[in-house]
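Trainee: Any chance you could fold what I've pasted below:
(one chain, ligands or ions: 1)
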Amino acid sequence: MSRVFHRHSNKLPPIGTKGGGVYLYDADGKAYFDGSGGAAVSCLGHGDPDIINAIKQQLDSMAFAHTGFLGSQPAEDLADLLVDHAPDGLEHVYFVSGGSEAVEAALKLARQYFLEIGQPERSKIIARRQSYHGNTLGALAVGGNAWRREPFAPLLMNVSHIAPCYEYRDRRADETSSDYGQRVANELEQEILRLGTDQVMAFVAEPVVGATMGAVPAVEGYFKRIREICDTYGVLLILDEVMCGMGRTGTLFAAEQDGVSPDICTIAKGLGAGYQPIGATLCSVEIFDAIKTGSGFFQHGHTYVGHPTACAAGLAVVQKLTQGGIVDQVSAKGKQLRDLLHQEFGQHPNVGDIRGRGLFVGLEFVADRDSKAVIDPSHKFNARLKTAAFEAGLICYPMGGTIDGKNGDHVLLAPPFISEDHHLEEVVSKLSIAVSKVTADLGM
Ligand code: PMP
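Mentor: Next up, the predicted model:
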């Protein structure tokens with residue numbers, strides 16, 4: 001019996017004992033290709049000696065100091081490096097321990113900013129359906145994932161949810177991609193007008209939707225229109241790059257490719273690359289200055305804010321990502337992965353869409369390609385796929401079931417950036433074994 005409170009108490013995972021390169025190993029020595037980096041975490045694979053050494057050095061010098069008393073050099077250097085590579089205007093970095101904490105800090109930063117500039121009536125948040133922003137209560141309220149929210153609904157603050165940008169399912173046949181993007185972006189304006197133009201504090205979105213939709217980027221022009229609407233009504237744009245940031249889509253920050261700069265941006269996962277738990281909330285100089293010249297302190301905090309060892313790991317990761325040319329190869333590797341997936345699944349009757357950006361790639365499964373009918377949720381397609389892939393030696397991230405009566409089963413692939421050609425082929429062939437098993441078991 002395990003006394004660890006696992007998520008599934010009647011289905012315990014095997015004990016993992018080793019990580020090396022793109023593989024993880026269990027206690028029986030079985031190797032698993034880490035095809036999703038857990039949940040898009042392990043961007044540099046496992047056992048990287050440079051990151052491990054950076055952590056060891058920091059442990060030897062000063063493992064921890066509370067930032068209420070002492071700062072640390074790794075935190076300073078990491079903040080500088082992130083700001084050097086961040087979208088224009090993001091100039092200050094608040095370090096936390098993970099993605100949900102980064103989102104919570106973003107929300108409180110936005111609220112405090114409006115208090116500081118004398119607009120206390122601004123407290124309303126608009127986000128999107130079929131999104132995920134974390135499991136703490138604030139972040140959960142912002143997310144639009146129906147089944148995660150449902151049990152906790154009475155505990156959640158009120159957040160408006162507009163449509164995501166989900167071309168595969170929502171673009172009308174008589175619309176161009178661009179017209180579709182403008183139409184759904186304009187839902188933000190309608191919602192701001194409905195709530196009251198002086199009431200809304202922030203709009204929150206993932207540039208490329210990860211956990212709830214399986215690597216769905218917005219169509220070109222969508223985020224530019226969103227930025228325009230936010231500017232018109234003085235609403236802050238918070239982009240959640242917890243999953244899609246840190247090079248995953250081919251640029252260090254995903255928003256670069258959408259041609260927009262947010263007022264606040266959250267990152268985590270790839271920032272620590274799994275070597276340490278760390279997240280961060282970046283904000284504009286306007287927000288920072290309003291707080292600095294106003295009350296003078298951000299009314300927030302956790303014990304492990306700016307944890308020196310976590311920052312040392314983050315620094316080593318981001319140095320590697322930005323100085324080693326690794327991120328520059330992500331777009332080409334991602335295209336190669338999608339090409340391989342098209343070869344393998346392009347004609348598959350149950351694969352409706354192959355999509356993504358960089359090494360952030362998704363497949364959506366359907367009962368019927370023409371009608372895009374979702375697979376009966378009682379089949380538990382994605383849970384079966386997770387098990388079958390794991391048995392085949394592949395860790396991938398299948399999610400879904402019917403959400404909002406629409407979004408079907410999908411799998412997210414996010415292999416390490418160090419993956420070579422033959423590794424990407426291995427991911428696709430193992431996934432193919434798993435898909436064949438599940439479709440055969442279900443008689444599809
Ligand atoms: N935001 C996004 C976009 C995420 O994908 C996640 C995690 N999947 C989170 C926030 C929450 O991060 P964490 O699990 O580290 O709290």
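Trainee: where does the stretch 101-250 of the chain come near the ligand, residue by residue?
Mentor: 103, 132, 133, 134, 206, 210, 211, 240, 242, 243 (Cβ under 6 Å from any ligand atom). Glycine gets a C-beta too; all of them are placed from N, C-alpha and C.
Trainee: quick one: average pLDDT of the helix or strand containing the first one?
Mentor: It stands for residue 103. Following DSSP states H and E, the helix or strand that holds residue 103 is helix 99-116. Mean pLDDT, helix 99-116: 98.
Trainee: Show me what that helix packs onto, helices and strands only.
Mentor: strand 90-96, helix 137-142, strand 200-205, strand 236-240, strand 264-267, strand 279-284, helix 285-293 (3 or more Cβ pairs under 8 Å, 6 or more residues apart in numbering; DSSP states H and E).
Trainee: That one vs strand 279-284, what angle?
Mentor: 30 degrees (axes from the mean of the first three to the mean of the last three Cα atoms, to 10 degrees).
Trainee: Identify the residue nearest the residue of the stretch 251-400 of the chain found nearest the ligand in space, chain neighbours excluded?
Mentor: Closest to the ligand within the stretch 251-400 of the chain is residue 268: 4.8 Å, counting by Cβ to the nearest ligand atom. In space, residue 268 comes closest to residue 279 once its chain neighbours are excluded; the distance is 3.3 Å by Cβ to Cβ, 6 or more residues apart in numbering.
Trainee: which strands and helices sit next to the lowest-mean-pLDDT helix or strand in the chain?
Mentor: Of all helical and strand segments in the chain, the minimum by mean pLDDT, DSSP states H and E falls on helix 146-149, at a mean of 88. Helices and strands touching helix 146-149, by 3+ Cβ pairs under 8 Å, 6+ apart, are helix 137-142.
Trainee: Give me the mean pLDDT for the helix it packs on.
Mentor: 98.
Trainee: Show me how far it is from its chain's centre.
Mentor: 15 Å (Cα atoms, centre = their mean, to the nearest Å).
Trainee: Counting neighbours, show which residues of that helix come out buried.
Mentor: Neighbour-count burial for helix 137-142, counted by 16 or more other Cβ atoms under 10 Å, picks out 138, 139, 140, 141, 142.
Trainee: Surely residue 206 and residue 130 touch.
Mentor: No. Judged on Cβ atoms under 8 Å, residue 206 makes no contact with residue 130 at a distance of 10.0 Å.
Trainee: Counting only strands, which of the residues of the stretch 101-250 of the chain next to the ligand make the cut?
Mentor: residue 240 (DSSP state E).
Trainee: Return the item of the residues of the stretch 101-250 of the chain next to the ligand having minimum pLDDT.
Mentor: Within these, pLDDT is lowest for residue 211, at 92.
Trainee: and residue 11, how many residues sit next to it?
Mentor: 9 (other Cβ atoms under 10 Å).
Trainee: Going by neighbour count, which residues in the least confident helix or strand of the chain are buried?
Mentor: In helix 146-149, counting by 16+ other Cβ under 10 Å, buried: 146, 148, 149.
Trainee: Among residue 206 and residue 130, which residue is more densely surrounded?
Mentor: residue 206 (29 against 23).
Trainee: which residues does that one contact?
Mentor: 131, 132, 133, 239, 240, 241, 242, 243, 244 (Cβ atoms under 8 Å, 6 or more residues apart in numbering).
Trainee: same thing with residue 116?
Mentor: Residue 116 touches 290, 291, 293, 294, 295, counting by Cβ under 8 Å, 6+ apart.
Trainee: Quick check: closest non-adjacent residue to it.
Mentor: residue 294 (3.5 Å).
Trainee: and stretch 42-57, how far apart are its ends?
Mentor: Start and end residues of stretch 42-57 are separated by 21 Å (Cα to Cα, to the nearest Å).
Trainee: just how off-centre is that stretch within its chain?
Mentor: That offset, for stretch 42-57, works out to 21 Å (Cα atoms, centre = their mean).
Trainee: what sits up against it?
Mentor: Taking Cβ under 8 Å, 6+ apart as the rule, stretch 42-57 contacts 19-24, 34, 37, 246-248, 269-270, 273-276, 309, 312-313, 315-317, 320-321, 326, 416-418.
Trainee: do stretch 148-161 as well
Mentor: So stretch 148-161 is contacted by 124-129, 131-132, 135, 137-138, 140-144, 191, 195 (Cβ under 8 Å, 6+ apart).
Trainee: Please name the bridge partners of the nearest residue to residue 346 once chain neighbours are set aside.
Mentor: With sequence-adjacent residues excluded and distances taken as Cβ to Cβ, 6+ apart, residue 346 is closest to residue 354, at 7.3 Å. Note on residue 354: beta-bridge partners residue 363, judged by DSSP bridges.
Trainee: Next, the buried residues of the helix or strand containing residue 231.
Mentor: Assigned by DSSP H and E, residue 231 belongs to helix 222-233. Buried residues in helix 222-233, counted by 16+ other Cβ under 10 Å: 222, 223, 224, 225, 226, 227, 229, 230, 233.
Trainee: Over to stretch 185-204?
Mentor: Those would be 185, 187, 188, 189, 191, 192, 200, 201, 202, 203, 204, for stretch 185-204 by 16+ other Cβ under 10 Å.
Trainee: show me what contacts the residue nearest to residue 268?
Mentor: Here residue 279 is in contact with 95-99, 101-102, 242, 266-269, 271 (criterion: Cβ under 8 Å, 6+ apart).
Trainee: May I see those residues arranged in TSV, with neighbour count as well?
Mentor: Converted to TSV, those look like this (neighbours: other Cβ atoms under 10 Å):
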residue	neighbour count
95	28
96	27
97	20
98	20
99	29
101	28
102	30
242	31
266	32
267	30
268	29
269	29
271	31
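Trainee: and which of these is nearest to residue 430?
Mentor: The nearest member of the contacts of residue 279 to residue 430, counting by Cβ to Cβ, is residue 269 at 22.6 Å.
Trainee: Pull the number of nearby residues for the closest residue to that closest one other than its chain neighbours.
Mentor: Residue nearest to residue 269 in three dimensions, not counting chain neighbours: residue 41, with 4.6 Å by Cβ to Cβ, 6+ apart. Neighbours of residue 41 under the rule other Cβ under 10 Å: 22.
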